[in-house]
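Colleague: okay, sequence plus prediction incoming.
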Amino acid sequence: MKSMTRFIVLIAVVAGLGEGIWQWGFCRFYVEPGYMAVVTSKTGADLPPDQILARKGQKGIQEDVLGEGRHFLNPVLNDWEIRPAIEIPPGKVGLVTSKVGQKLPEGEFLAEPGQKGIWRRVLGPGRYRINPYGYQVDTNSAISIPIGYVGVITSLSGQQVEEGEFAGPDQKGVRRDILQPGLYYVNPREYQVDVLEIGVNQVSLLGKAGGEIITKGKIETQNAPMAALQSEVLDEQRSKRSEYLEKSADLFTGRSRSQPMQQAAQGQYQPASPEDMEQQTLNQVKPEYQLDKSMATLGVSQFLEFPSRDGFQISLDMTVEFELEPEKIAWLFRTYGDLPAVVDKVILPQISSISRNKGSEYRAKDFIVGEGREKFQQDLTMALAKTLGLKNITVHNALIRHAEVPQQILDPIQQASLAVEQDLTNKERQNTAKKQAELNTELSMIDQRRQQVSVETEKLKAEIQADQEKQVALIAAEAVKQVAEVRKGTAGIQADTVRILSEAEASAIRMVQGEQARGLQLKTKAFDDPQAYSLWEFASQLNPKVRINVLHAGDGTLWTDLKTAGLGELGGAAILKQAAPPKR
């Protein structure tokens, strides 16, 4: 029984070891970061004819892919392929085309998840693991709208909106909402974004030399990738405008636009009838543009001419400043199109029409004289602002820079103007001579006044100096007086000091000597004998080292004399010193 158990355990260990070797040595594979594994199952149910990717339990390329890391698959039952993951770099969007799923409904061309076709949803920047056998990912640039521009959105999918209406959700057409400057990840199959300039732009008609349209320039950014995206957007918009301009040139009919320009340059124009001018104006409405690389300037071959009230041909240099406001630009784009179309269809025809109508109310002379031209400019500005304002275009100024009139009317006016100017020049010369004489007189008076001021200044300086010297003398005398008074006070104080000190010294001497005398009196009184006191003083002055030796001379002599001797004679001072009590 025990041997059977050991045998079973051994088989289990061998089987487990073999399974581990099989899994680790043959089934294991590793997917590095940034990659994915596409698995193909060799077993399972066959796929239907219209199915590309297999689900779990089906035979074929599996729809789900394996991400980075360690995986274990039986190589007998499965194959796998390591593929790079889908990378969407910054500033790009991923447009996904699904090869699997249900078919789209009729009329739809954008797919939702689970449907076959181009996905409505786009992939933003990042890394995605999508089966490349079932999905195709194409990268497109995101839309970066520069400062000074807005994006007008045109929806390309949905039900077509009625003419003259903005598109709403799930409708096809121009939308009311616009994109402000910034970066947007937009599906180019779902929306078309056109960038249009906002703010003030100019249309300049430069006489017979043609004209130009100056639009708002792009404000450069310091972000190089963003600048590249903006340039790409503007390049695409420039391409759209070039296509429109080519079509506009192809649609142009009528007389050659170069012919009137050549005739005007050669001075061959004659006053035309109103009917001819009407036809010329209609023929010149269609402009011919040239786009520069910055998309900021559009050249136009149109020039502005019209007959005056007295039948003369007038050519004007004019600049019209107009503004496209953000809240109205979607309406303009829906109604007319891009900026060249707005200029082509609205602004230039109105400038030509209004200039002709207003110009026919003025004589040729009025365009030369300042007052007449200024009034025409004001009338033209008001009329353009009113007419274009109804079309959501704001006109700020219509500036007349130069007016060219026929020579036959210009010469008399110039001669008259020269005569007037010559008369004004002569009057100005007379006034100048008069002013020069007045100036000379004033200069003489100024010189005289200068001398007078100089004399008065010297006098004033002398008076000031004398007054200063007087003040100095008074101050010096006052100072001497004050010094004398101070010295007097000082001398009195010194005298008082000497007197007080002398009195104090005398009093001190008197007191000291009085006390000394009193001390002598007390000493004398203490001895009660002047001679004894004198001997005491004498003895106190002696050298302490003096010694007195008394020698015995024999009987009878000394003792006989002592009987008659006094205390002083017997050395009373020494006796008193010995007998005197100690001082306290």
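Modeller: That came through fine.
Colleague: could you list the low-pLDDT ranges of the stretch 301-450 of the chain?
Modeller: In the predicted model, the stretch 301-450 of the chain carries pLDDT under 70 at residues 301-303, 408-410, 413-414.
Colleague: mind listing the strands for it?
Modeller: Assigned by DSSP state E, counting those that start in this stretch, the strands in the stretch 301-450 of the chain fall at 304-307, 313-324, 394-404.
Colleague: kindly report the same for the stretch 101-250 of the chain.
Modeller: Secondary structure of the stretch 101-250 of the chain, counting by DSSP E, counting those that start in this stretch: strands at 110-111, 117-119, 126-128, 135-141, 143-145, 149-155, 159-160, 171-179, 182-184, 191-197, 199-206, 211-214.
Colleague: domains of the protein?
Modeller: The domain map for the chain lists 29-140, 198-219+227-405, 530-579, with the assignment taken from automatic domain parsing.
Colleague: just to revisit the earlier point, which of the strands of the stretch 301-450 of the chain is buried the deepest?
Modeller: For the strands of the stretch 301-450 of the chain, the largest average neighbour count (mean count of other CB atoms under 10 Å) is found in strand 304-307, namely a mean of 22. Where C-beta positions appear, they are placed from N, C-alpha and C, glycine not excepted.
Colleague: sheet-wise, list the partners of that one with their directions.
Modeller: Here strand 304-307 has these sheet partners by DSSP bridges: strand 313-324 (antiparallel).
Colleague: and the helices in the stretch 451-584 of the chain?
Modeller: Assigned helices in the stretch 451-584 of the chain, in chain order: 530-541, 558-562, 572-579 (criterion: DSSP state H, counting those that start in this stretch).
Colleague: what's the burial count for residue 91?
Modeller: Counted with other CB atoms under 10 Å, the burial measure for residue 91 works out to 18 neighbours.
Colleague: about what we covered before: any chance of the domains of the chain in JSON lines, with distance to residue 457 too?
Modeller: Formatted as JSON lines, these follow (distance: least, CB to CB, whole Å):
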{"stretch": "domain 29-140", "distance to residue 457": "81"}
{"stretch": "domain 198-219+227-405", "distance to residue 457": "54"}
{"stretch": "domain 530-579", "distance to residue 457": "95"}
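Colleague: closest one to residue 430 among those?
Modeller: Proximity of the domains of the chain to residue 430 was assessed by CB to CB; the nearest stretch is domain 198-219+227-405, lying at 24.9 Å.
Colleague: regarding that closest one, how distant is the last residue from the first?
Modeller: According to CA to CA, to the nearest Å, domain 198-219+227-405 extends 36 Å from its N-terminal end residue to its C-terminal end residue.
Colleague: circling back: and the domains of the chain, which is most packed in?
Modeller: Scoring the domains of the chain by mean count of other CB under 10 Å, the most buried comes out as domain 198-219+227-405, with a mean of 17.
Colleague: correct me, but residue 340 touches residue 244?
Modeller: Yes: taking contact to mean CB atoms under 8 Å, the distance of 5.7 Å between residue 340 and residue 244 places them in contact.
Colleague: could I get the strands of the stretch 101-250 of the chain as CSV with distance to residue 508 and mean pLDDT?
Modeller: Supplementary listing: the strands of the stretch 101-250 of the chain in CSV, determined by distance: least, CB to CB, whole Å; pLDDT from 0 to 100:
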stretch, distance to residue 508, mean pLDDT
strand 110-111, 133, 92
strand 117-119, 130, 94
strand 126-128, 116, 94
strand 135-141, 121, 94
strand 143-145, 114, 92
strand 149-155, 115, 94
strand 159-160, 137, 90
strand 171-179, 117, 93
strand 182-184, 111, 93
strand 191-197, 117, 93
strand 199-206, 112, 82
strand 211-214, 117, 59
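Colleague: now these in JSON lines, with distance to residue 35?
Modeller: Conversion of the strands of the stretch 101-250 of the chain to JSON lines gives the following (distance: least, CB to CB, whole Å):
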{"stretch": "strand 110-111", "distance to residue 35": "27"}
{"stretch": "strand 117-119", "distance to residue 35": "23"}
{"stretch": "strand 126-128", "distance to residue 35": "10"}
{"stretch": "strand 135-141", "distance to residue 35": "15"}
{"stretch": "strand 143-145", "distance to residue 35": "31"}
{"stretch": "strand 149-155", "distance to residue 35": "37"}
{"stretch": "strand 159-160", "distance to residue 35": "44"}
{"stretch": "strand 171-179", "distance to residue 35": "36"}
{"stretch": "strand 182-184", "distance to residue 35": "29"}
{"stretch": "strand 191-197", "distance to residue 35": "33"}
{"stretch": "strand 199-206", "distance to residue 35": "49"}
{"stretch": "strand 211-214", "distance to residue 35": "53"}
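Colleague: and the ones you listed: which comes nearest residue 312?
Modeller: strand 199-206 (18.7 Å).
Colleague: centre of the chain to the closest one, how far?
Modeller: The gap between the average C-alpha position of strand 199-206 and the chain average comes to 30 Å, counting by CA atoms, centre = their mean, to the nearest Å.
Colleague: strands paired with that strand, and their directions?
Modeller: Strand partners for strand 199-206, identified by DSSP bridges, are recorded as strand 211-214 (antiparallel), strand 313-324 (antiparallel).
Colleague: tilt between that strand and strand 149-155?
Modeller: An angle of 100 degrees separates the directions of strand 199-206 and strand 149-155 when computed by axes from the mean of the first three to the mean of the last three CA atoms, to 10 degrees.
Colleague: just the CA trace of strand 199-206, in PDB.
Modeller: What follows is strand 199-206, C-alpha atoms only, in PDB (Å, rounded to 0.1, in the frame of the first residue of the first chain):
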ATOM      1  CA  GLY A 199     -11.000  91.800 -36.900                       C
ATOM      2  CA  VAL A 200     -10.200  94.600 -39.300                       C
ATOM      3  CA  ASN A 201      -9.200  93.900 -42.900                       C
ATOM      4  CA  GLN A 202      -8.600  96.200 -45.800                       C
ATOM      5  CA  VAL A 203      -9.600  96.400 -49.500                       C
ATOM      6  CA  SER A 204      -7.400  98.800 -51.300                       C
ATOM      7  CA  LEU A 205      -8.100  99.800 -54.900                       C
ATOM      8  CA  LEU A 206      -4.900 101.400 -56.200                       C
END
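Colleague: what angle separates it from strand 394-404?
Modeller: Using the same axes, to 10 degrees, strand 199-206 lies at 20 degrees relative to strand 394-404.
Colleague: picking that back up, between the domains of the chain, which one is closest to residue 164.
Modeller: Of the domains of the chain, the one closest to residue 164 (CB to CB) turns out to be domain 198-219+227-405, at 8.1 Å.
Colleague: just the pLDDT at residue 475, thanks.
Modeller: On the pLDDT scale, residue 475 is placed at 91.
Colleague: now do the one 5 residues further on
Modeller: Residue 480 is assigned a pLDDT of 89 by the prediction.
Colleague: give me the neighbour count for it.
Modeller: Other residues within reach of residue 480 by the criterion other CB under 10 Å amount to 10.
Colleague: picking up where we left off before, would TSV of the strands of the stretch 301-450 of the chain with distance to residue 362 be doable?
Modeller: Below are the strands of the stretch 301-450 of the chain laid out as TSV (distance: least, CB to CB, whole Å):
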stretch	distance to residue 362
strand 304-307	10
strand 313-324	8
strand 394-404	10
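Colleague: and the ones you listed: which comes nearest residue 85?
Modeller: Nearest to residue 85, of the strands of the stretch 301-450 of the chain and by CB to CB, is strand 313-324 at 44.5 Å.
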